[in-house]
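K.L.:
Build me a model:
(one chain, ligands or ions: 1)
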Amino acid sequence: MREIPVGLLGLGNVGSGVVKLLGENADAIAARIGARLAVRAIGVQTADKPRLVDPGGVPITTDLEAIVDDPAIRVVVELIGGEEPARALVLRAFERGKHVVTANKLLLARHGDELFAAAERAGSMLFYEASVCGGVPVLRMLREGLASDRITQVMGIVNGTSNFILTKMAEEGRAFDDVLAEAQREGYAESDPTLDVGGGDAAHKLAILTALSFRTRVKLEDVHTEGITHVTPTDFRYAERFGCAIKLLAVAADDGEGICAYVGPAMVPKRWMLAGVGGVYNAVYVSSYALGQSMYYGRGAGMMPTAVAVLSDLIEVGREVLLPAERGGRALHFDTRKFRSIAELKSRFYLRFSVEDRPGVLATLATGLAEHGISIAELVQEAPAGAAGPVTIVMTTHEAREGDVRRALARLDGAPVVREPTRVFRMMGGVP
Ligand code: NAP
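P.N.:
Prediction:
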């Protein structure tokens, strides 16, 4: 049987999963392609480190450029992560006429345009299924399964670390910092969790989902990004009261006038399937013209789930290597669509005020909102915390423009009766 020589850059979590799965399922994979995927060389940073898998005689080197330059290698699998040297190596692989499979969402979100252009110039393929939702084949579904449909909205829970933290906070009533520390001890969160809990990782994934859903180029600046660090147990108590879960949502919607893309914590009605996506699981919920609503759910990270996605790309590229005549019709062409500012988003909102316990405060808040055309749907007031303590007033709004809400709060937060910056979350769904 023919062999397709593969160069593997990275033998960490995902790279090890790829070697393991490729070894265990070699015959079945070969049968699907009509050729054997043969890893010929593995590139790492530290050559003599203990490894999670036995590479079975495949040479391990720290000279990654030599792997990319090797004329025998047809496909380069980039699993080192980060911006550089990953970007330079992928570009170099295209210059050498090779196909590339990557799991690197940061690289695609920041340099996608440059990489896709280089791939097209070289007549090469660039596949990246593992970059969003790990093993869940959501990109292939957007690219192929829904190719004939018109997507109007894509909404997902795409960062396992944040979802793990929010799920624990909801179930155990604990504070963010406390749960984050536990997640770090147990290996669910990185020692520097900024990209995960700050929403950056979800924004990278949303940029990729948006590009494929709406066939458009996306700049990261087009994705409004908020994280979960300011979510408190108090917000979970109110979420419960309103029949909601709090989730870090990544949403992109096309209303015909433009695309609005954002990542941020949101109140999600418990009756929604997305509200039940717990722990490190990921899910993407798609609304499209012909299919209607569909949801894609599963493990968003981990050695073996992610390896499944990398291998699905390798199988597709493997077939391409054997059938070069099909090339050309496979490249996706992206337009440059208009993106709308988050200020134009229409949503319901949850507002949690911390105010002085004085007569007239409620009127100040209601007037401040009304002046910006924001109408209140529900209002809950808690007893003051101690004699001089602040009073918590929570309001949910009817649908309003986000820009109006932010302007109203900027003014109200400057009022002498408001004790601390008002918490704002978007509320999904209609008025219950
Ligand atoms: P990892 O465990 O940290 O492994 C990275 C590998 O790349 C290691 O083998 C490392 O070498 C090598 N490497 C890193 N920098 C290098 C450099 N400058 N030169 C040469 N080799 C270098 O990472 P991972 O979790 O497998 O993630 C790999 C990619 O998959 C990332 O883009 C990540 O975002 C993506 N991804 C990961 C998951 C997941 O569940 N882990 C899920 C989806 C996507 P040493 O082993 O010698 O240190």
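K.L.:
Going by C-alpha atoms from here, please, whenever you check contacts or count neighbours.
P.N.:
Fine.
K.L.:
What are the neighbouring residues in contact with I157?
P.N.:
Listed by CA atoms under 8 Å, 6 or more residues apart in numbering, the contact partners of I157 are N163, K247, L248, L249, A250, L274, V277, N282, A283, V284.
K.L.:
surely the fifth one meets L206?
P.N.:
Yes. Because the distance of 6.1 Å satisfies CA atoms under 8 Å, A250 is recorded as touching L206.
K.L.:
Mutual contacts of those two, please.
P.N.:
A261, V263.
K.L.:
Identify the residues contacting V132.
P.N.:
Here V132 is in contact with A103, K105, V138, L139, V158, K205, I208, L209, G300 (criterion: CA under 8 Å, 6+ apart).
K.L.:
Lowest pLDDT pick from the residues you listed?
P.N.:
Among these, G300 has the lowest pLDDT, at 89.
K.L.:
Among the contacts of I157, which one has the most neighbours?
P.N.:
A250 (31 neighbours; other CA atoms under 10 Å).
K.L.:
For the ligand, what's its nearest residue on the stretch 151-300 of the chain.
P.N.:
Going by CA to the nearest ligand atom, the ligand is nearest to G300 of the stretch 151-300 of the chain, at 6.6 Å.
K.L.:
buried ones in stretch 115-134?
P.N.:
115-116, 118-119, 122-134 (16 or more other CA atoms under 10 Å).
K.L.:
Stretch 173-189 and the ligand in contact?
P.N.:
No. When contact is scored as CA under 6 Å from any ligand atom, no part of stretch 173-189 falls within range of the ligand; the minimum is 9.9 Å.
K.L.:
What residues of that stretch count as buried?
P.N.:
G173, R174, A175, F176, V179, L180, A183, Y188, A189.
K.L.:
tell me the contacts of the first one?
P.N.:
Residues counted as contacts of G173 (CA under 8 Å, 6+ apart) are P233, F236.
K.L.:
Now with 6 Å, please.
P.N.:
P233 (CA atoms under 6 Å, 6 or more residues apart in numbering).
K.L.:
Which strands or helices does the top helix by length along the chain pack on?
P.N.:
The helix spanning the most residues in the chain, taking DSSP state H as the definition, is helix 303-322. The contact analysis (3 or more CA pairs under 6 Å, 6 or more residues apart in numbering; DSSP states H and E) places helix 303-322 against helix 13-24.
K.L.:
all strands for the stretch 301-432 of the chain, in order.
P.N.:
346-355, 376-381, 391-397, 400-401, 418-427 (DSSP state E, counting those that start in this stretch).
K.L.:
Figure out which of these is closest to the ligand.
P.N.:
strand 418-427 (27.5 Å).
K.L.:
Tell me which helix or strand comes right after the host helix or strand of A117.
P.N.:
According to DSSP states H and E, A117 maps onto helix 105-122. Heading C-terminal from helix 105-122, the first helix or strand you meet, by DSSP H and E, is strand 126-127.
K.L.:
That following strand close to the ligand?
P.N.:
No. Figure legend: strand 126-127 not in contact with the ligand (CA under 6 Å from any ligand atom); closest approach 12.8 Å.
K.L.:
Other residues contacting the helix or strand following that strand?
P.N.:
Later in the chain than strand 126-127, the nearest helix or strand by DSSP H and E is helix 138-140. Contacts with helix 138-140, where a contact means CA under 6 Å, 6+ apart, come from E129.
K.L.:
Report the mean confidence score over the next helix or strand after helix 138-140.
P.N.:
Downstream of helix 138-140, the first helix or strand assigned by DSSP H and E is strand 151-157. Across strand 151-157, the average pLDDT comes to 97.
K.L.:
Distance from strand 151-157 to the middle of the chain?
P.N.:
In terms of CA atoms, centre = their mean, to the nearest Å, the centre of strand 151-157 is found 11 Å from the chain centre.
K.L.:
sorry, back to before: does the residue of the stretch 151-300 of the chain closest to the ligand touch G134 like I think?
P.N.:
Yes. Using CA atoms under 6 Å, G300 is in contact with G134, at 4.2 Å.
K.L.:
which residues does M427 contact?
P.N.:
Contact analysis of M427 by CA under 6 Å, 6+ apart lists A266, M267, R348, F349.
K.L.:
From L206, how far off is R426?
P.N.:
Remark: distance between R426 and L206 (CA to CA, to the nearest Å) = 17 Å.
K.L.:
Compare these two and say which one has the larger neighbour count.
P.N.:
L206 (30 against 21).
K.L.:
what about the closest residue to T194 other than its chain neighbours, neighbour count?
P.N.:
Nearest residue to T194, sequence neighbours excluded (CA to CA, 6 or more residues apart in numbering): G200, at 7.7 Å. G200 sits with 21 neighbouring residues when counted by other CA under 10 Å.
K.L.:
For A118, see how far away G200 is.
P.N.:
Taking CA to CA, one finds G200 at 25 Å from A118.
K.L.:
just A66 next, same as before
P.N.:
Applying CA to CA to A66 and A118 gives a distance of 20 Å.
K.L.:
domain ranges for this structure?
P.N.:
As assigned by automatic domain parsing, the chain contains the domains 3-135+303-330, 138-299, 345-427.
K.L.:
And those domains: which comes nearest T336?
P.N.:
domain 138-299 (5.2 Å; CA to CA).
K.L.:
need the domains of the chain in JSON lines with distance to T336, can you?
P.N.:
Below are the domains of the chain laid out as JSON lines (distance: least, CA to CA, whole Å):
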{"stretch": "domain 3-135+303-330", "distance to T336": "11"}
{"stretch": "domain 138-299", "distance to T336": "5"}
{"stretch": "domain 345-427", "distance to T336": "20"}
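K.L.:
Which one of those domains lies nearest to K338?
P.N.:
So among the domains of the chain, domain 138-299 is nearest, using CA to CA, at 5.0 Å.
K.L.:
what ranges of the stretch 251-400 of the chain fall below the confidence cut-off?
P.N.:
324-332, 384-387 (pLDDT under 70).
K.L.:
which bits of it sit near the ligand?
P.N.:
A301, G302, M303, T306.
K.L.:
Wait, the first one touches V136, no?
P.N.:
No. In this structure, A301 sits apart from V136 without contact. The criterion is CA under 6 Å, and the distance is 9.3 Å.
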